[in-house]
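sequence and computational prediction follow.
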Amino acid sequence: MKHRLGQLAGTAALLRLALRRDRIMLPVWVLVVALMVLSLPGALESAYATGADRARLAATMNTNGSLRALYGPVFADSLGALTAWRGAVFAGVLAGIMSLAVVVRHTREEEETGRQELLSAAMVGRRAPLTAALLAALTANAAAALLVTGGLVGAHGAAGALALGLGIGATGMLFAGIAAIAAQLTESARLAKGLAGALIGAAFVLRAAGDAGTPAGESALTWASPLGWLEHVRAFAGERWWVLGLFAAAAALLVAAAYVLAGRRDVGMSFLPARPGPAEGRIGSAGALAWRLQRGGLAGWSLGFLTAGAVFGSMTDGATQLVGDNERTRDIIQRMGGQSALADAFLATMAGMLGMVAALYIVSAVLRLTAEETGQRAEPLLAAPVGRLRWAGGHLAVAFGGSALILLLGGLGLGLGHGRDVAAATGAVLAQLPAVWVIGALAALLHGAAPKYAAGAWGVAGAVLLLGWIGPALNLPQAVLDLSPFAHLPKLPGAQALAWTPLLALTALAAALLAAGLAALRRRDLAA
């Protein structure tokens, strides 16, 4: 017993350190997860004011396989049940991403940077870092669950609110367990996040495939996914409390496996070591090295965008059928996608969503510079005859060129999925590129001028995504929506004429921000 307790020595101190380091990031994540759900009741009530409207929505939704694949089946037509239908799965995905970011950051990333080895020289047990990371994730998921429950309990019922809040929090903790195992298996934080993120994506695909095939969501594929479990909690629709037991059992097994793996390896080691690098001579420039480091991530994003575009395109006809004569929902889609025909407005909305998600890619790719610098890998490279601008330029070329590539593939998928005018759909998605570049250039400026605050670029990308996702549904003032660069882009396809002025203005702004970032990088010292 004393031996086991000794392996947890220092957990409280590490937890305090983790919460202090994440004192900005975690509250933002928690609010995003909670607002994803709490913003829905008002919007749904405005769009479907009567019981007949909501019953018609449920009936239409359950006969539309393409939209069931995105949102899942509707189990009841009350406002609370529709809120759970519309927001539970997406909030679960966000909770999972939040959890994997927290767990990997305080386990594998600490080992990769060498900080964990220094901490381990003090009175810190072998399993204390993993325990502190999981407790930090538990704190964040519990806070999100509490906000969701508290926000819904008064108007929609205590049982359903508690079931939905617990379901979202339990989903986050299950993916925290997956991230904990990934951190033991892989040699780098990037690979750990990629592996855990891929499993979140696979869970969404499994649930989507199962829900598309069966109106009641009882497919074996749905039950094979934790996100399928979340929808089968059936908040506000005859709660299935026993499904929460599945989450508890699965999370306990995953955490136990992570503890076993953590006890069988040395600090900094992994069970899946990285492959040896290429033979000498195959990488002859800073740009080639940047491509070698980032090509795997770009390949994953490219496949994801092609698939997502095809799914969104295939949903177009079903979405127009679902909207029907509902003026409020039509207005929301047209605010997001323009005042053209509804099908074109829906395609424009999906093009905008692909653009806002691409902003997450470009931030990730640009901030690889920060990871290389803080991980002490940039300094040896710059000691050779490689200038800072050449080093940074390689990663920026991959980031900005990669964002163009994934948008191109997303547009092709959108057009092919819709089955009409592939060129117009591709052009609509590529029109998002200047706004994506503005976000990427801002990340480069933060890295160049204030590397300690470079992670703030994630907050900017998240805020833009949140504004674009729920801003129109909340009927936010146009002045607030205009804070996003995406709000100034032409709504394609369907616009009367392509407006080049905002595209050129945003491109010029991106170029200016990028130049300022590179100038700042040349003048400052490297991060210690």
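On my side now, so go ahead. Numbers count the residues shown, from 1 in each chain.

where does pLDDT dip in the stretch 301-450 of the chain?
317-342 (pLDDT under 70).

kindly apply the preceding question to the chain instead.
For the chain, the ranges with pLDDT under 70 are 1-6, 66, 116-122, 217, 266-271, 273-284, 317-342, 470-475, 494-497, 527-528.

what do you get if the cut-off is 50, keeping everything else the same?
By pLDDT under 50, the weakly predicted segments of the chain are 1-2, 279-280, 336-339.

just the CA trace of stretch 517-528, in PDB.
The C-alpha coordinates for stretch 517-528 follow below in PDB (Å, rounded to 0.1, in the frame of the first residue of the first chain):
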ATOM      1  CA  GLY A 517       5.500  38.300 -37.600                       C
ATOM      2  CA  LEU A 518       8.600  37.400 -39.600                       C
ATOM      3  CA  ALA A 519      10.200  40.800 -38.800                       C
ATOM      4  CA  ALA A 520       9.600  40.200 -35.100                       C
ATOM      5  CA  LEU A 521      11.100  36.700 -35.300                       C
ATOM      6  CA  ARG A 522      14.300  38.000 -36.800                       C
ATOM      7  CA  ARG A 523      14.800  40.500 -33.900                       C
ATOM      8  CA  ARG A 524      13.900  38.500 -30.800                       C
ATOM      9  CA  ASP A 525      15.900  35.900 -28.900                       C
ATOM     10  CA  LEU A 526      14.900  32.200 -29.100                       C
ATOM     11  CA  ALA A 527      12.700  30.900 -26.400                       C
ATOM     12  CA  ALA A 528      14.600  29.300 -23.600                       C
END
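
that one: which residues count as buried?
Neighbour-count burial for stretch 517-528, counted by 16 or more other Cβ atoms under 10 Å, picks out 517-518, 520-521. C-beta: built from backbone N, CA, C; applies to glycine.

need the max-distance pair from those.
518 and 520 (7.3 Å; Cβ to Cβ).

can you name the residues that contact residue 223?
Listed by Cβ atoms under 8 Å, 6 or more residues apart in numbering, the contact set of residue 223 reads 210, 229, 232.

ok, now with 10 Å
Residues in contact with residue 223 (Cβ atoms under 10 Å, 6 or more residues apart in numbering) are 206-207, 210, 217, 229, 232, 243, 246.

can you list those in CSV and add secondary structure?
Formatted as CSV, the contacts of residue 223 follow (DSSP: H, G, I helix; E, B strand; the rest coil):
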residue, secondary structure
206, helix
207, helix
210, helix
217, coil
229, helix
232, coil
243, helix
246, helix
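
and which of these is nearest to residue 58?
Of the contacts of residue 223, the one sitting nearest to residue 58 (Cβ to Cβ) turns out to be residue 217, at 13.0 Å.

nearest to residue 359 among the contacts of residue 223?
Looking across these and measuring by Cβ to Cβ, the closest to residue 359 is residue 207, at 25.1 Å.

the closest one touches residue 220, doesn't it?
No. Under the criterion of Cβ atoms under 10 Å, residue 207 makes no contact with residue 220, lying 11.5 Å away.

can you check which residues contact both of the two?
residue 228.

among the contacts of residue 223, who's most crowded?
Within the contacts of residue 223, residue 207 tops the neighbour count with 28 neighbours, counted by other Cβ atoms under 10 Å.

dump the contacts of residue 223 into JSON lines; add distance to residue 192 as well.
Formatted as JSON lines, these follow (distance: Cβ to Cβ, whole Å):
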{"residue": "206", "distance to residue 192": "21"}
{"residue": "207", "distance to residue 192": "23"}
{"residue": "210", "distance to residue 192": "28"}
{"residue": "217", "distance to residue 192": "31"}
{"residue": "229", "distance to residue 192": "24"}
{"residue": "232", "distance to residue 192": "29"}
{"residue": "243", "distance to residue 192": "28"}
{"residue": "246", "distance to residue 192": "25"}
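
state the helix or strand in which the residue nearest to residue 156 when sequence neighbours are not counted lies.
Spatial nearest neighbour of residue 156, excluding adjacent residues (Cβ to Cβ, 6 or more residues apart in numbering): residue 80 at 3.6 Å. Per DSSP states H and E, residue 80 falls inside helix 79-105.

for the nearest residue to residue 391 once chain neighbours are set aside, give its distance to residue 384.
Nearest in space to residue 391, with sequence neighbours left out and distances taken as Cβ to Cβ, 6+ apart, is residue 286 at 4.7 Å. Separation of residue 286 from residue 384 (Cβ to Cβ, to the nearest Å): 9 Å.

who's more crowded, the two?
Legend: neighbour count by other Cβ under 10 Å for residue 286 and residue 384, higher for residue 286 (22 against 8).

wouldn't that one be in contact with residue 382 here?
Yes. Counting by Cβ under 10 Å, residue 286 touches residue 382, with 9.3 Å between them.
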